[in-house]
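1. Here's my sequence, what's the structure:
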Amino acid sequence: LGRGAFGVVYRMRDRTEPTAQRVYAVKQVLVRQAAKAGVSMDDLLQEVELLAQLSHPHIVRYFRHFFSAQGRLLNVAMELATEGSLAEQVQCEPAPAESTLARWLEESLSALAYMHGQRVLHRDIKPENILLSEPPALLRRPRAAPQPPLLVVKLADLGLSCVLTSSRGRQSKAGTDTYASYEKLHGLNDDGRDDVWGLGCVFAELLTRRRLLGGAQAWGGALSLASHAEVQERTRRLLAACAERSPRLAQVVRRMLTAAAEARPTSTELWEHMRKERYDDAGEGKKVSMESCACHMMGYYVAESSV
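-> The predicted structure is shown next:
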């Protein structure tokens with residue numbers, strides 16, 4: 001399914017299950033290769049522990065982990081998101097509808113608000129780490145329906161996450177510079193608003209097909225030539241392009257891309273705003289369909305298993 005710095009993600013079935021019908025995404029990490037890069041076993045198991053603690057419909061679901069190849073491989077079995085990621089949607093033709101982008105943004109904010117409420121930061125929000133999947137069977141549209149399938153987002157790849165009580169993690173520069181905020185790139189304390197900035201960059205890119213910053217250009221840091229004034233000017237132009245596509249979504253993205261962290265809204269504040277502002281493709285303030293609203297039920301996994 002994909003490759004990372006220390007291993008590969010495979011599609012697998014568990015042959016010990018009676019029918020072996022369930023398919024998993026299994027991240028297979030090369031322990032020795034990670035150690036050479038300074039990533040200890042404790043660091044590797046951090047993601048496993050975080051995944052085990054988090055339970056939310058828009059965060060990839062953890063099932064279990066195990067070692068293989070005489071301890072050389074750490075295997076983490078997770079929920080399989082079958083419909084790619086937002087990275088593919090940036091170039092998708094036709095572009096996702098405005099109402100779809102609004103729902104994906106609301107779902108992403110609900111996941112971040114939940115994580116931040118658990119005092120956990122994601123630390124690497126980017127299109128490749130926001131996966132797409134069909135919702136549980138009880139929320140799917142009938143096959144005969146003419147509409148495209150309803151897809152929901154799933155935050156993935158929590159390997160760089162940290163708990164807020166860790167000052168070392170809060171001041172870490174880990175992650176992708178292109179979607180990093182000023183405070184993270186300069187090693188300042190982060191209370192979760194860096195995740196908000198990164199998500200704002202992602203949805204500005206979805207709306208305009210343009211990145212705020214490319215490559216190593218980010219906030220005049222050691223890897224960059226972009227000054228504060230230049231970033232602010234690029235942000236202004238990007239938000240103007242967002243407004244041409246969707247004035248309502250541009251207003252939300254504008255707040256997410258507030259340069260000063262202390263003035264940037266929290267994920268919870270933005271999620272609550274999005275819940276109040278659900279609208280249709282015409283942008284007329286109408287509520288989205290009940291099946292879309294149902295995707296936000298925190299306990300829909302329980303509901304599915306009960307049914």
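2. burial count for residue 32?
-> Residues near residue 32, counting by other CB atoms under 10 Å, number 10. Every C-beta, even on glycine, is put in place using the N, C-alpha and C of the backbone.
3. do the same with residue 267
-> 24.
4. And it, how far from residue 255?
-> 11 Å (CB to CB, to the nearest Å).
5. Low-confidence ranges, this structure, go.
-> By pLDDT under 70, the weakly predicted segments of the chain are 20, 137-149, 159-176, 214-227, 279-307.
6. can you give me the helices for it?
-> Assignment of helices within the chain using DSSP state H yields the ranges 31-36, 41-53, 86-90, 98-117, 167-170, 182-185, 193-208, 228-245, 247-256, 267-276, 290-294, 300-306.
7. of all these, which lies closest to residue 72?
-> Closest to residue 72 of those is helix 31-36 (CB to CB; 5.8 Å).
8. Just the buried positions in that closest one, please.
-> Across helix 31-36, burial judged by 16 or more other CB atoms under 10 Å covers 31, 34.
9. Output the contacting helices and strands for that helix.
-> Helices and strands touching helix 31-36, by 3 or more CB pairs under 8 Å, 6 or more residues apart in numbering; DSSP states H and E, are helix 41-53.
10. Just the residues contacting the helix it packs on, thanks.
-> 29, 31, 34-35, 60, 62, 65, 74, 76, 78, 118, 120, 158-159, 161 (CB atoms under 8 Å, 6 or more residues apart in numbering).
11. Of those residues, keep whichever come out buried.
-> 29, 31, 34, 60, 62, 65, 74, 76, 78, 120, 158-159, 161.
12. can you redo the residues you listed as JSON lines with distance to residue 179?
-> Listed next are the buried ones among the contacts of helix 41-53 as JSON lines, based on distance: CB to CB, whole Å:
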{"residue": "29", "distance to residue 179": "23"}
{"residue": "31", "distance to residue 179": "28"}
{"residue": "34", "distance to residue 179": "23"}
{"residue": "60", "distance to residue 179": "19"}
{"residue": "62", "distance to residue 179": "24"}
{"residue": "65", "distance to residue 179": "28"}
{"residue": "74", "distance to residue 179": "27"}
{"residue": "76", "distance to residue 179": "24"}
{"residue": "78", "distance to residue 179": "22"}
{"residue": "120", "distance to residue 179": "18"}
{"residue": "158", "distance to residue 179": "15"}
{"residue": "159", "distance to residue 179": "16"}
{"residue": "161", "distance to residue 179": "15"}
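13. Which two of these have the greatest separation?
-> By the measure CB to CB, 31 and 120 form the most distant pair in the buried ones among the contacts of helix 41-53, at 23.7 Å.
14. dump the residue contacts of residue 245.
-> Residues near residue 245 by CB under 8 Å, 6+ apart: 98, 207-208.
15. Repeat the analysis, applying 6 Å as the threshold.
-> Neighbour list for residue 245: residue 207 [criterion: CB atoms under 6 Å, 6 or more residues apart in numbering].
16. Residue 212 too?
-> 201, 234, 238.
17. Check the burial of the first one by counting its neighbours.
-> Counted with other CB under 10 Å, the burial measure for residue 201 works out to 26 neighbours.
18. about what we covered before: and the buried ones among the contacts of helix 41-53, which of them are in strands?
-> Among the buried ones among the contacts of helix 41-53, the residues falling in strands (DSSP state E) are 29, 62, 65, 74, 76, 78, 120.
19. and the second one, what does it touch?
-> Read it as residue 62. Applying CB under 6 Å, 6+ apart, we find residue 62 in contact with 51-52, 78.
20. how about 8 Å then?
-> By CB under 8 Å, 6+ apart, residue 62 lies in contact with 48, 51-52, 54, 76-79.
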